[in-house]
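Enquirer: Have a look at this prediction, sequence included:
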Amino acid sequence: MSMERKLAAGVDYGSDSVRVLLVEMENGNAVSEGVCAYPRWAEKKYCDPGKVQYRQHALDYIEGLETAMKEAIAKAGPDAGSRIASIAIDTTGSTPCPVDREGNPLCLREEFAENPNAMFHLWKDHTAVEEAKEINQVFSAGAVDYTRYQGIYSSEWFWAKILHTTRTDPAIREAAWTWTEHSDWIAGMLAGNVNPDTIAHCSCAAGHKALWHSAFGGLPSEECLGQLDSYLVDVARRYKKSPVPAGTCIGTITPEWAERLGINPGAKIGAGSFDAHAGGVAAGVAPHTLVAVVGTSTVEMLVENPEVLEGKDLREYCGQAEDSIVPGYVGLEMSQPAFGDVYAWFKELLLWPVKQTDIPEDVLDAEAKKSLLKYLDCVLLPKLEKEAYQYIGEDLTALDWFNGRRYPKLNESVRAAIDGLTLGTKAPAVYCALVKGTVFGCKRVYQSLIDNGIRIDRMIAVGGIAKKSPFIMQMMADAIGVPIMVCKEEQMCAKGAAVYAAVAGGQFGSVEEGQKTYCEEYRANYYPDETKRKMYEDMYQAYLRLGNTVEYELHHIAE
């Protein structure tokens, strides 16, 4: 297998599906892709939105990988499987699962096959809100403040989910030897090592979600965890190995998986990563370059040299983890839990009368109603956006906290608000206010870093919103005051996983070297309009004031 013929496979496990991207290992050119929606997840199995419970079965991941990989290989040609030299995966996170002594997910055992607590707890599972509050109290109260690098601990993260499930389900507590992140288990499965004693823990999951840090000598101490529950001490003791960064080769694919997937039995397996981090790598994240993955939610990422961050207390503004995005740097992760979700909510709100009204057949028959809804679903937001330009200067302020707030100053209890509504307010004006709210949420993340001495020279925006909405992107450039480059790549997370795969396979000596070859060159797509700076700054201050008011009132109601 000559060097120019080798392929690298990037495997991206998203919330709804798994995607495989095959690229030419030498230059990163896309060859083919395959995708598979999780069948059980599509049927809404094992989820209870009323409890904010979202679980996924390991079989969805296994079957999805086989289907997507075989599709990608079939599209790439008859010899493509034999040319795959390395594989790396990314997943959502934190998505941990209880496993037995051998490291197998409990949901693969007959007695737990239909028990949601035995499955992978998806990142957006918020069943552990109360446990997260307890964890914050304990982690921040001792001689060592374990919230030092991540800030307020979230119900979405590793320890909170473990604590909640093992408290509420004694059978899981008894059967689960420990818990493993999705990103670690899939990579370990392919490499033939899911044994809890020797499995490779990836740096991003370990640092951002389990709070592993060299300053602590590893995970939070047994004394600290024991104040919460002795079971957490067991999990910590069974976390045997220090984490490794993405791009690290953790082994060679097993003969069984090489045969099942139809690929080269010598393919190298890279350590796992999180999806947003892989997307950041593919986009070109680097010191002084902020990458924003703009989608239903938004993740902002930056990498920085450890010495630049020394002595800075950034816990309210970002999460920090060693080697979490690009090895050798500290990965800084910020996020907004609602971005595109906000616009989707407004669209659904406006469509409610058409969807829910029983329209007589002589007015609109069922087939015509279906066609109308399909048409409106496609054109409503573009129409609102077209009209919204004339309302940019209107005195209407919205908060983007529809799913609470992560950074800065995590608060999962706060809610959105719109201030300035009158009987004369039009739908495009509300849409414009919602866009400003999401943009100002991004500005608040950016400004918090600048105020703490972090240098940012440019922003790269990734995702469908970035490519499809000049209105939102220009507003972001104007409001934040930096040039914004829009990434043209479609499958950024899978492409980033392919970069990690190429490094693990020995094609490149570092992730940065791989980025130079795989990442596109950028020129700014949107420049800030200096004539609008004061207008947006005044609006941003109104946004901050509204946020302070809402948070103050919420706090006093709680008291």
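Expert: All right, it came through fine. Model, not experiment: these values are computed from the prediction.

Enquirer: Just confirm residue 63 contacts residue 39, I think it does.
Expert: Yes - Residue 63 is within contact range of residue 39, at 7.0 Å (criterion: C-beta atoms under 8 Å). Placement of C-beta: from N, CA and C, glycine included.

Enquirer: Run a quick neighbour tally on residue 358.
Expert: 5 (other C-beta atoms under 10 Å).

Enquirer: Please apply the same query to residue 137.
Expert: There are 12 residues near residue 137, going by other C-beta under 10 Å.

Enquirer: How about residue 41?
Expert: For residue 41, using other C-beta under 10 Å, the count is 21.

Enquirer: Is residue 250 located within a strand, as I assumed?
Expert: Yes - Residue 250 sits within a strand when classified using DSSP: H, G, I helix; E, B strand; the rest coil.

Enquirer: How about the contacts made by it?
Expert: 187-188, 191, 193, 200, 244, 269-271, 504 (C-beta atoms under 8 Å, 6 or more residues apart in numbering).

Enquirer: Report the separation between residue 214 and residue 519.
Expert: 29 Å (C-beta to C-beta, to the nearest Å).

Enquirer: Those two: which is more packed in?
Expert: The neighbour comparison of residue 214 against residue 519 (other C-beta under 10 Å) goes to residue 519, with 21 against 11.

Enquirer: So what does the nearest residue to that one once chain neighbours are set aside have for phi and psi?
Expert: In space, and not counting its chain neighbours, residue 519 is closest to residue 284: 4.3 Å by C-beta to C-beta, 6 or more residues apart in numbering. For residue 284, the backbone dihedrals are phi 110, psi 30 (criterion: degrees, to the nearest 10).

Enquirer: same thing with residue 301?
Expert: According to degrees, to the nearest 10, residue 301 has phi -130, psi 150.

Enquirer: Same check on the one 4 residues further on?
Expert: As for residue 305, its main-chain torsions (degrees, to the nearest 10) stand at phi -70, psi 140.

Enquirer: Surely it touches residue 322?
Expert: No - in this structure residue 305 lies outside contact range of residue 322 using C-beta under 8 Å: 11.6 Å.

Enquirer: mind checking pLDDT for residue 555?
Expert: With respect to pLDDT, residue 555 scores 67.

Enquirer: Same check on residue 356?
Expert: 89.

Enquirer: and if you look at the one 10 residues further on?
Expert: In the prediction, the pLDDT value recorded for residue 366 is 87.

Enquirer: and residue 469, what is it in contact with?
Expert: Residue 469 touches residue 385, counting by C-beta under 8 Å, 6+ apart.

Enquirer: again, only this time at 10 Å
Expert: 294, 340, 343, 381-382, 385, 435, 475-476, 486 (C-beta atoms under 10 Å, 6 or more residues apart in numbering).

Enquirer: now residue 59
Expert: 38-40, 105, 107-108, 113, 119.

Enquirer: Check it and give its pLDDT.
Expert: 98.

Enquirer: again with residue 293
Expert: 88.

Enquirer: So it belongs to a strand, correct?
Expert: Yes - the assignment for residue 293 by three-state DSSP puts it in a strand.

Enquirer: That one pairs with what?
Expert: residue 299, residue 462 (DSSP bridges).

Enquirer: For it, grab the count of nearby residues.
Expert: 27.

Enquirer: hmm, back to that, out of the contacts of residue 59, which end up buried?
Expert: Among the contacts of residue 59, those scoring as buried are 38, 40, 105, 107-108, 119 (criterion: 16 or more other C-beta atoms under 10 Å).

Enquirer: hmm, back to that, now the contacts of residue 250 as a markdown table including pLDDT?
Expert: Listed next are the contacts of residue 250 as a markdown table, based on pLDDT from 0 to 100:
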| residue | pLDDT |
| --- | --- |
| 187 | 98 |
| 188 | 98 |
| 191 | 98 |
| 193 | 98 |
| 200 | 98 |
| 244 | 98 |
| 269 | 98 |
| 270 | 98 |
| 271 | 98 |
| 504 | 98 |
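
Enquirer: now the residue most central in space within the chain, nearest residue through space, not along the chain?
Expert: What sits nearest the mean C-alpha location of the chain, by C-alpha atoms, centre = their mean, is residue 276, with 4.7 Å. Nearest residue to residue 276, sequence neighbours excluded (C-beta to C-beta, 6+ apart): residue 299, at 4.0 Å.

Enquirer: if we can go back for a sec, let's see if you can find the most crowded of the contacts of residue 469.
Expert: residue 476 (28 neighbours).

Enquirer: Contact partners for the nearest residue to that residue once chain neighbours are set aside?
Expert: Leaving out its chain neighbours, the residue that sits closest to residue 476 by C-beta to C-beta, 6+ apart is residue 439, at 5.0 Å. Residues near residue 439 by C-beta under 10 Å, 6+ apart: 339, 400, 472-480, 536, 539-540, 543.

Enquirer: same question, residue 346
Expert: 380-381, 384, 398, 427, 430-431, 433-435.

Enquirer: cool, residue 383 as well?
Expert: 376, 427-428, 431.

Enquirer: Give me the buried stretch members for the helix or strand containing it, please.
Expert: Assessed by DSSP states H and E, residue 383 sits inside helix 366-388. Buried residues in helix 366-388, counted by 16+ other C-beta under 10 Å: 369, 376, 380-381, 384-385, 388.

Enquirer: So which of those is the closest to residue 350?
Expert: Lowest distance from residue 350 to the buried residues of helix 366-388 (C-beta to C-beta) belongs to residue 380, with 6.4 Å.

Enquirer: Give me the spatial nearest neighbour of residue 53, chain neighbours excluded.
Expert: residue 127 (5.2 Å).

Enquirer: ok so, going back, a markdown table for the buried ones among the contacts of residue 59, including pLDDT, distance to residue 513 and secondary structure?
Expert: Output for the buried ones among the contacts of residue 59, formatted as a markdown table (pLDDT from 0 to 100; distance: C-beta to C-beta, whole Å; DSSP: H, G, I helix; E, B strand; the rest coil):
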| residue | pLDDT | distance to residue 513 | secondary structure |
| --- | --- | --- | --- |
| 38 | 97 | 34 | coil |
| 40 | 97 | 40 | helix |
| 105 | 98 | 35 | strand |
| 107 | 98 | 39 | helix |
| 108 | 98 | 38 | helix |
| 119 | 98 | 38 | coil |
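
Enquirer: what two of these are the furthest from one another?
Expert: 38 and 108 (15.4 Å).

Enquirer: Now the host helix or strand of residue 277: average pLDDT?
Expert: Residue 277 belongs to helix 275-283 when assigned by DSSP H and E. The pLDDT scores in helix 275-283 average 93.

Enquirer: Start at 56, not 1
Expert: Taking 56 as the first residue, the last one we looked at is helix 330-338.

Enquirer: Over to residue 402. Which of the three states is it?
Expert: helix.

Enquirer: re earlier: tell me how far the helix holding residue 332 lies from the chain's centre.
Expert: Put simply, helix 330-338 sits 10 Å off its chain's centre (C-alpha atoms, centre = their mean, to the nearest Å).
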